[in-house]
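> how would this look folded up:
(chains A, B, C and D)
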Protein chains: 2
Amino acid sequence: MLSAAPTKVSAMTTTSPQGRTELLRPDGSPVRVLVVDDELSITELLSMALRYEGWQIRSAGDGTGAVQTAREFRPDAVVLDMMLPDMDGLTVLGRLRRELPDVPVLFLTAKDAVEDRIAGLTAGGDDYVTKPFSLEEVVARLRGLIRRSGAADRRSESVLVVGDLTLDEDSHEVSRGGDNIHLTATEFELLRFLMRNPRRVLSKAQILDRVWSYDFGGQANVVELYISYLRRKIDAGREPMIHTRRGAGYLIKPAVS
Amino acid sequence: MLSAAPTKVSAMTTTSPQGRTELLRPDGSPVRVLVVDDELSITELLSMALRYEGWQIRSAGDGTGAVQTAREFRPDAVVLDMMLPDMDGLTVLGRLRRELPDVPVLFLTAKDAVEDRIAGLTAGGDDYVTKPFSLEEVVARLRGLIRRSGAADRRSESVLVVGDLTLDEDSHEVSRGGDNIHLTATEFELLRFLMRNPRRVLSKAQILDRVWSYDFGGQANVVELYISYLRRKIDAGREPMIHTRRGAGYLIKPAVS
DNA sequence: TGTGTTTCTCAGGGGATTCACAGGTTGCGG
DNA sequence: CCGCAACCTGTGAATCCCCTGAGAAACACA
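Coordinates of the predicted model:
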């Protein structure tokens, strides 16, 4: 697979001091992501979240800016809103592809602009999420795209492990100590977020911002509720892995410790 | 038979970490495919999908471009629209053959095209699909052509196996636990797509983009419908292999687990 | 043209999921 | 030991997602 990008992204992973695993390029430099959306609030939100992943971010507000930035920034992945002021999403895509033939693209589409020709978008291994999205979802899909685009020598796993608890991001399977556990979509996302930050306290606000869509306007205690659901399913009768830090938040860690 | 192609493609396969098998040339370099069509949207779509297969793609928009590109790119296979602006499909074919005597060609034809002409052409081991096509179909045929052109020593399998379920891409035969199962064309394509991505959740959008023709504009719930048909045929009264991940998509996996 | 097959739309039903609400429980400072 | 704040969780309603039967339309083949 040919890449015009300066360096190939392979699915190397490294574990940071905090215990978070991050994607890196083969030369150890951070992954580069280009974010394209005309709403400033969205690009800001995404930039912040993706930078938190340890990635290097650039953003553009329209199609021409996107193509220009892509040319010199040479990102390893692109987040592209399909609704841009200056040109059609597909046109932007075409021009981007001319610059970077193999770069994976994560499309942002409006939910209510139902099926407005989303056809073929996922065909090339690309992916999309609908607005309003949750950051956890965007990050997860982006990681998937980058991991897969790493081609031949990728051997990076799609499985998160904390103690005897495992979560497979490809098959969406979760098990503890060999027992399969069925989780709903939201439970899955929450657990993924916890497991990607083991032994670290996550506040309810953080969780809400990350796992729920950015336009969620409900009660903050959904987090408590879903933590309760998760405990029932993964800590049921076992040594608990999910812990409450009163006044601070929640954390997950191996049961043994 | 002598070949002008730089390297002969043999039916070597390798299995990626995700479990997808990919075709490679004997020297380990990626397979090269030339795509010729005058509609940009088609070449883009095909390039996207074929690149995702791990192949190296070039495209051309007319006959002269095709011959030129073929001369220097030396593809292992060609996808050729029979309806080009500058010259007749047969002429293009002739010139291509002069450059690359043994390269297999996949023809794209309009539905109502004269079948007999094509039939004559495919006698030589080439193949064709009619527009509008599904990507699964194009990829499958192309894989077949490339595999077969690898001549004598191909021992690569055209049979997908997941648990006790087998699907033969050449004979289109499907069986589970020894029992033969009759599938319609669409059911077959869907099952093939699932089986080529075992243990991985595939969204309805992904399935639609891949299994249905690019111009399909219908209801997204055809996917649900066909999943339902497949279950009736392959999971009937047995341990189910097709699973729903509510809110995410579907996946297939061996029944045992 | 006629017949059987296949594809697809439509709509009803049902179960799963999400979430608000409210009352109960726990931990902690005084 | 009290009282408050933080947290937990049962209940139930609204919604969403998925499944599937019925039948119309398109197609294949003789």
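> quick one, strands of the stretch 1-150 of chain A?
Using DSSP state E, counting those that start in this stretch, the strands of the stretch 1-150 of chain A run over A:12-15, A:21-24, A:32-36, A:56-60, A:77-81, A:105-110, A:127-131.
> excluding its backbone neighbours, what's nearest residue A:106?
residue A:79 (4.8 Å; C-beta to C-beta, 6 or more residues apart in numbering or on different chains). (C-beta placed from N, C-alpha, C; glycine too.)
> circling back to that earlier point, turn the strands of the stretch 1-150 of chain A into JSON lines, including distance to residue A:226.
Shown next, in JSON lines, are these (distance: least, C-beta to C-beta, whole Å):
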{"stretch": "strand A:12-15", "distance to residue A:226": "27"}
{"stretch": "strand A:21-24", "distance to residue A:226": "24"}
{"stretch": "strand A:32-36", "distance to residue A:226": "28"}
{"stretch": "strand A:56-60", "distance to residue A:226": "29"}
{"stretch": "strand A:77-81", "distance to residue A:226": "26"}
{"stretch": "strand A:105-110", "distance to residue A:226": "25"}
{"stretch": "strand A:127-131", "distance to residue A:226": "20"}
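> lowest average pLDDT across these?
Across the strands of the stretch 1-150 of chain A, strand A:12-15 has the smallest mean pLDDT, namely a mean of 51.
> need the phi and psi values for the residue in chain A that chain B sits nearest to.
Nearest residue of chain A to chain B (C-beta to the nearest C-beta) works out as residue A:124 at 3.0 Å. With angles defined as degrees, to the nearest 10, residue A:124 sits at phi -90, psi 20.
> count of neighbours near it?
24 (other C-beta atoms under 10 Å in any protein chain shown).
> that one against residue B:49, yeah?
Yes - using C-beta atoms under 8 Å, residue A:124 is in contact with residue B:49, at 5.5 Å.
> stretch A:95-102 and chain B in contact?
Yes - counting by C-beta under 8 Å from any C-beta of the partner chain, chain B has neighbours in stretch A:95-102: A:97, A:101-102.
> extract the C-alpha set from that stretch and format it as CSV.
Output in CSV follows, covering the C-alpha atoms of stretch A:95-102 (Å, rounded to 0.1, in the frame of the first residue of the first chain):
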residue,chain,number,x,y,z
ARG,A,95,-9.3,16.6,-3.5
LEU,A,96,-8.1,15.2,-0.2
ARG,A,97,-7.6,11.9,-1.8
ARG,A,98,-5.5,13.4,-4.6
GLU,A,99,-3.2,14.8,-1.9
LEU,A,100,-3.3,11.8,0.4
PRO,A,101,-4.5,8.7,-1.4
ASP,A,102,-4.5,6.4,1.6
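> related to what we said a few turns ago, pLDDT added to the residues of stretch A:95-102 next to chain B, as a markdown table?
Shown next, in a markdown table, are these (pLDDT from 0 to 100):
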| residue | pLDDT |
| --- | --- |
| A:97 | 90 |
| A:101 | 87 |
| A:102 | 87 |
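> by neighbours, which of those residues wins?
Those, ranked by neighbours (other C-beta under 10 Å): first place residue A:102, 21 neighbours.
> follow-up on the earlier one: save the strands of the stretch 1-150 of chain A as a markdown table, and put in mean neighbour count too.
Converted to a markdown table, the strands of the stretch 1-150 of chain A look like this (neighbours: other C-beta atoms under 10 Å in any protein chain shown):
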| stretch | mean neighbour count |
| --- | --- |
| strand A:12-15 | 13 |
| strand A:21-24 | 19 |
| strand A:32-36 | 26 |
| strand A:56-60 | 20 |
| strand A:77-81 | 26 |
| strand A:105-110 | 21 |
| strand A:127-131 | 19 |
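> residue A:232: which of these is closest?
strand A:21-24 (27.6 Å; C-beta to C-beta).
> contact partners for the residue lying closest to residue A:92 once chain neighbours are set aside?
In space, and not counting its chain neighbours, residue A:92 is closest to residue A:63: 4.2 Å by C-beta to C-beta, 6+ apart. Taking C-beta atoms under 8 Å, 6 or more residues apart in numbering or on different chains, we find residue A:63 in contact with A:36, A:84, A:86-87, A:91-92, A:95.
> got any ranges where chain A has weak pLDDT?
Regions of chain A meeting the criterion pLDDT under 70 cover residues A:1-22, A:112-118, A:151-156, A:257.
> in it, which helix has the most residues?
The residue-count maximum for a helix in chain A (DSSP state H) belongs to helix A:135-149.
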